[in-house]
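J.: 3D, please:
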Amino acid sequence: DDGADGESNSIQNQRNILERYAREHRFPNPRFYVDDGYSGGSFNRPGFQQMMTDMENGKIRTIITKDLSRLGRNQLHTGLYIEERFPMFGVRYIAINDNVDTDRSESTELMPFKNLFNEWFIRDTSRKIRAVQRAKAERGERLGTRAPYGYRKDEQDRKKLVVD
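T.: Numbers count the residues shown, from 1 in each chain. Predicted structure coming up:
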């Protein structure tokens with residue numbers, strides 16, 4: 001989530017990539033399931049849950065993502081969805097940029113390794129964010145995005161608060 005009103009730039013760009021791919025490969029009636037602002041580290045995301053419900057109700061034959069990390073960043077669960085859950089409902093899975101297509105078995109050979117790297121990436125990013133937050137706190141900088149009641153952000157230095 002980039003803080004923009006409406007969909008983030010990332011979601012808009014992914015939607016464009018997916019729309020073009022669907023059009024070029026003649027996938028009719030694309031539907032988009034969006035989880036803007038949610039981490040791919042969890043599958044407890046509203047768009048993902050709706051997609052699973054629609055899949056279980058026979059409304060989906062193919063799931064396409066920009067890459068494997070857009071499906072999820074937990075390598076174990078991502079693999080279980082792609083290799084067990086989707087086939088259970090006769091659903092084909094495609095990750096465009098990772099060249100994964102479950103209709104072509106050779107394209108999934110490196111998939112477990114890519115999923116593992118995706119999980120490591122989210123853990124590494126989380127660790128880096130915590131380190132930055134810790135460093136800010138140690139310098140006495142404000143960590144919140146909003147000023148508490150009775151204060152406002154200083155016009156000259158947005159990192160400081162002044163009494164309102």
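J.: And for Ser8, the neighbour number?
T.: 16 (other CB atoms under 10 Å). Bear in mind the C-beta positions are built from the backbone N, C-alpha and C, glycine included.
J.: For Arg31, see how far away it is.
T.: Using CB to CB, to the nearest Å, Ser8 is found at 19 Å from Arg31.
J.: what do you get for Ile96?
T.: 16 Å.
J.: Compare those two (neighbour count), which wins?
T.: A count of neighbours by other CB under 10 Å puts Ile96 above the other of Ile96 and Arg31, at 19 against 10.
J.: surely the more buried one meets Ile17?
T.: Yes - judged on CB atoms under 8 Å, Ile96 makes contact with Ile17 at a distance of 6.6 Å.
J.: shared neighbours of these two, anything?
T.: Both Ile96 and Ile17 are contacted by Lys66, under the criterion CB atoms under 8 Å, 6 or more residues apart in numbering.
J.: residue ranges with poor pLDDT in this structure?
T.: 1-6, 39-40, 106-126 (pLDDT under 70).
J.: Swap in 90 and give it another go.
T.: Within the chain, the stretches with pLDDT under 90 are 1-15, 17, 28-29, 34-45, 66-83, 97-149, 151-164.
J.: Can you show me the strands along it?
T.: Using DSSP state E, the strands of the chain run over 62-65, 92-95, 100-101, 151-153, 161-163.
J.: Out of these, which is closest to Leu143?
T.: Closest to Leu143 of these, according to CB to CB: strand 161-163, at 11.7 Å.
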